[in-house]
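1. Can you look at this prediction? I've put the sequence above it.
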Amino acid sequence: AQTVTQSQPEMSVQEAETVTLSCTYDTSESDYYLFWYKQPPSRQMILVIRQEAYKQQNATENRFSVNFQKAAKSFSLKISDSQLGDAAMYFCAYSTRGNKLVFGAGTILRVKS
Amino acid sequence: EAQVTQNPRYLITVTGKKLTVTCSQNMNHEYMSWYRQDPGLGLRQIYYSMNVEVTDKGDVPEGYKVSRKEKRNFPLILESPSPNQTSLYFCASSLTSNNEQFFGPGTRLTVL
């Protein structure tokens, strides 16, 4: 079964600094999609970034970028110039060929001013 | 406005009393899905649907039913709720499972 592991239950970062959230996954598939979602205190789920496994280039969205290491099955999220509004729970997710979506347990990110 | 709506947003019920949580999307998405969120476990997929009349089990389908009679609606049915189904539930929709999921606002369910 596919699994997604986020090994950091909580992380803290100083405002304007950079932080990296870790995610590893387990799969035997070669073609799949990976996502990072953000859940602020409002509970609304918001897509941060999406990566296709067949693309070697790492996805970026403004201050958010990923380090996708396919062989290591690693998909970390880097947040640059952290802002107070980045404080949230972050979920890593994987989309299987069988159309299932598997989420990690989440990482709470705290941003200190 | 493109959105996914869920009702009710909050529900307190008792063991064994059948309930339905509705989910509707106005984006003509083919893929819809239900998740439950529990502390320390993240989101776990309950059921998903790839199109009208096409549904399949996710990772935690026990105790739940779904139906997809129309493209826009995907209700979640708990025939006989139990306390271990107390959770935060999310409905989501997307073009396919590989695209961005658009989530509803969540339904906080408490089963006493």
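-> Alright, I've got the coordinates. Because the structure is a prediction, the values reported are computed rather than measured.
2. Tell me the bridge partners for the closest residue to B:C23 other than its chain neighbours.
-> Distances taken as Cβ to Cβ, 6 or more residues apart in numbering or on different chains place B:C91 nearest to B:C23, at 3.4 Å, with adjacent residues excluded. C-beta: built from backbone N, CA, C; applies to glycine. Here B:C91 shows beta-bridge partners B:W34, assigned using DSSP bridges.
3. show me what contacts B:C91?
-> By Cβ atoms under 8 Å, 6 or more residues apart in numbering or on different chains, the contact set of B:C91 is B:4, B:6, B:21, B:23, B:32-35, B:74, B:76, B:103-104.
4. top strand in chain B by residue count?
-> strand B:42-51 (DSSP state E).
5. Touching it from outside, list them.
-> A:4, A:6, A:91, A:93, A:99-106, B:30-38, B:55-61, B:64, B:66, B:68, B:71, B:74, B:76, B:89-90, B:96-97.
6. Surely B:L19 is in contact with B:Q85?
-> No - between B:L19 and B:Q85 there is no contact under Cβ atoms under 8 Å: 9.7 Å.
7. what sits in contact with each of those two?
-> Shared contacts of B:L19 and B:Q85 (Cβ under 8 Å, 6+ apart): B:78, B:109.
8. In contact with B:F102, which residues?
-> Residues in contact with B:F102, defined by Cβ under 8 Å, 6+ apart, are B:2-4, B:25, B:27, B:29, B:92-94.
9. so who does the residue nearest to the spatial centre of chain A touch?
-> What sits nearest the mean C-alpha location of chain A, by Cα atoms, centre = their mean, is A:W36, with 3.6 Å. Residues counted as contacts of A:W36 (Cβ under 8 Å, 6+ apart) are A:21, A:23, A:47-49, A:64, A:66, A:75, A:77, A:90-93.
10. Which ones among the contacts of strand B:42-51 lie within strands?
-> If you go by DSSP E, those have A:4, A:91, A:93, A:101-103, B:31-38, B:55-57, B:66, B:76, B:89-90 in strands.
11. Kindly report the residues of chain B close to chain A.
-> Proximity of chain B to chain A, by Cβ under 8 Å from any Cβ of the partner chain, involves residues B:31, B:33, B:35, B:40-45, B:48, B:50, B:56, B:58-59, B:88, B:90, B:92, B:96-98, B:100-101, B:103, B:105-106.
12. one step back: distance of the residue nearest to B:C23 from A:L34?
-> Separation of B:C91 from A:L34 (Cβ to Cβ, to the nearest Å): 22 Å.
13. Show me which residues of chain A sit near chain B.
-> Chain A has residues A:1, A:4, A:6, A:9, A:33, A:35, A:37, A:43-45, A:47, A:50, A:52, A:91, A:93, A:95-96, A:99-106 near chain B, with proximity defined as Cβ under 8 Å from any Cβ.
14. Mind pulling up the pLDDT for the residue most central in space within chain B?
-> Residue closest to the mean C-alpha point of chain B, counted by Cα atoms, centre = their mean, is B:W34 at 3.1 Å. On pLDDT, B:W34 comes in at 98.
15. doesn't B:Y89 make contact with it?
-> Yes - using Cβ under 8 Å, B:W34 makes contact with B:Y89 at a distance of 6.6 Å.
16. so what sits against both of these two?
-> B:46, B:76.
17. could you pull out the strands for chain A?
-> Using DSSP E, the strands of chain A run over A:3-5, A:10-14, A:19-21, A:24-26, A:33-39, A:46-52, A:60-61, A:64-69, A:74-79, A:88-95, A:101-103, A:107-112.
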